[in-house]
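Engineer: Predicted model, plus sequence, below.
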Amino acid sequence: MGRIRVAVIGAGGIAGAHLRAYAAHTQRCEIVGIADVDETAARSKAEVYGGRVFTDGVAMLKQLQPDAVSVCTPPKFRIPFVEAAAIQRIAVLCEKPPARTLAETQAIVDAMRGQLLQFAFCHRFHPPLNAAQDLIRSGKLGELVQIENRFAFRFARAGKSWFTDADIAGGGILIDTLVHSIDIFRALTGQEIEAAQAYLSSTLPIAVEDSASLLVRSSGGVLGTLNCSWVTPVSDSFVRIHGSEGGAVIDYNAASGLRYQLADDADWTEMPIDAPDRFARQAAHFLDCVEAKASPLVSGEDGLAVMRVIESAYESAGVPT
């Protein structure tokens, strides 16, 4: 096939990440359309990345009939666009969280049954995380025992953004950010989560949780402590892996991104990693799957698995789902 014709629905911040990623692969794809209910937002993106401007994503898909589409709207609005893409057999890269609920995620997966659906759990394509997976598979760390993860920062727009509107987002930081943490835990352990207990709090005057802690246990007995917050001023982005023969740290703020120390090592070993960023690699994988008509690394079933844990976590915290 020639260059893959890609459209993007939604013109907010994450859509910019998708567009920049596609722009890194202009020899393979072209942006043919950008849709957003805010025409000004769509136009500003199109002026940079090209493509026709639409205010109706369904109409754009019908008119342009692209090969692939990134659905980057807030979770509440995704199902109609995915269903429209499914009817026209357009490959879909759908942002996270997959939807507001497990039932809505199931509706997306059912609509795309037999067609290319990739959920945008971008950390699966983070080079240091991939290197950590290789380290675990090598056996150097021994048996996995515990995994710690924290993603935290001060969210200046909390209360002024759809991210803190439960009707649109499906909840607060647990569903917005811990979806990544859950998927990272699954990717590192290669196991499903069989138990989850969440604790939520709100420091800000908003109707959803702005901090969350989740304790999980995998089917193989690996324990995980997953934490996130929108209110702590010191940003943290790390994953700590503890094995019976050593440990490793994925540090999103370090130059190398990954270091490890084995039982008999006096010091940490830094692993130099030079690779494209995770969004560019995510887009490249999606384009690979479109070209080869192949199954993606992060499938509909992965989205369902993560959302099962999200629902279990909210239920454990006493939040109706």
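Structural biologist: Looks like it came in fine.
Engineer: In this structure, mark out all the strands, start to finish.
Structural biologist: Counting by DSSP state E, the chain has strands at residues 4-9, 29-35, 52-54, 68-71, 91-94, 117-119, 144-152, 193-201, 211-218, 223-229, 236-243, 246-251, 258-262, 269-270.
Engineer: quick one: which of those strands is nearest Glu301?
Structural biologist: When the strands of the chain are compared by Cβ to Cβ, strand 117-119 sits nearest Glu301, at 9.7 Å. The way it works is simple: take the backbone N, C-alpha and C, and place the C-beta from them, glycine included.
Engineer: Which elements pack onto that closest one?
Structural biologist: strand 91-94, helix 278-292, helix 300-316 (3 or more Cβ pairs under 8 Å, 6 or more residues apart in numbering; DSSP states H and E).
Engineer: just to revisit the earlier point, how about a markdown table for the strands of the chain, with mean pLDDT, distance to Met307 and mean neighbour count added?
Structural biologist: Shown next, in a markdown table, are these (pLDDT from 0 to 100; distance: least, Cβ to Cβ, whole Å; neighbours: other Cβ atoms under 10 Å):
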| stretch | mean pLDDT | distance to Met307 | mean neighbour count |
| --- | --- | --- | --- |
| strand 4-9 | 98 | 21 | 26 |
| strand 29-35 | 98 | 25 | 25 |
| strand 52-54 | 98 | 29 | 19 |
| strand 68-71 | 99 | 16 | 26 |
| strand 91-94 | 98 | 12 | 26 |
| strand 117-119 | 98 | 10 | 27 |
| strand 144-152 | 98 | 18 | 19 |
| strand 193-201 | 98 | 12 | 17 |
| strand 211-218 | 98 | 14 | 21 |
| strand 223-229 | 98 | 15 | 22 |
| strand 236-243 | 97 | 21 | 19 |
| strand 246-251 | 97 | 24 | 20 |
| strand 258-262 | 97 | 28 | 19 |
| strand 269-270 | 96 | 36 | 14 |
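Engineer: Looking at these, which is nearest to Phe163?
Structural biologist: strand 223-229 (12.5 Å).
Engineer: Find the centremost residue of this protein, please.
Structural biologist: Nearest to the geometric centre of the chain sits Phe121, at 2.6 Å (Cα atoms, centre = their mean).
Engineer: what residue ranges in the stretch 1-150 of the chain are flagged as low confidence?
Structural biologist: Confidence mapping of the stretch 1-150 of the chain against pLDDT under 70 gives the ranges 1.
Engineer: quick one, helices of the stretch 51-200 of the chain?
Structural biologist: 57-64, 78-87, 102-111, 127-138, 166-169, 173-176, 178-189 (DSSP state H, counting those that start in this stretch).
Engineer: can you state the direction angle for the second one and helix 57-64?
Structural biologist: To tie it back to what came earlier, the one meant is helix 78-87. Angle, helix 78-87 to helix 57-64, by axes from the mean of the first three to the mean of the last three Cα atoms, to 10 degrees: 20 degrees.
Engineer: Only alpha carbons, please: show helix 78-87 as CSV.
Structural biologist: This file holds the C-alpha atoms of helix 78-87, laid out as CSV (Å, rounded to 0.1, in the frame of the first residue of the first chain):
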residue,chain,number,x,y,z
ARG,A,78,-15.7,7.6,21.9
ILE,A,79,-18.2,4.9,21.2
PRO,A,80,-20.0,6.5,18.2
PHE,A,81,-16.6,7.3,16.5
VAL,A,82,-15.3,3.7,17.0
GLU,A,83,-18.6,2.3,15.7
ALA,A,84,-18.4,4.5,12.7
ALA,A,85,-14.9,3.4,12.0
ALA,A,86,-15.9,-0.2,12.4
ILE,A,87,-18.6,0.1,9.8
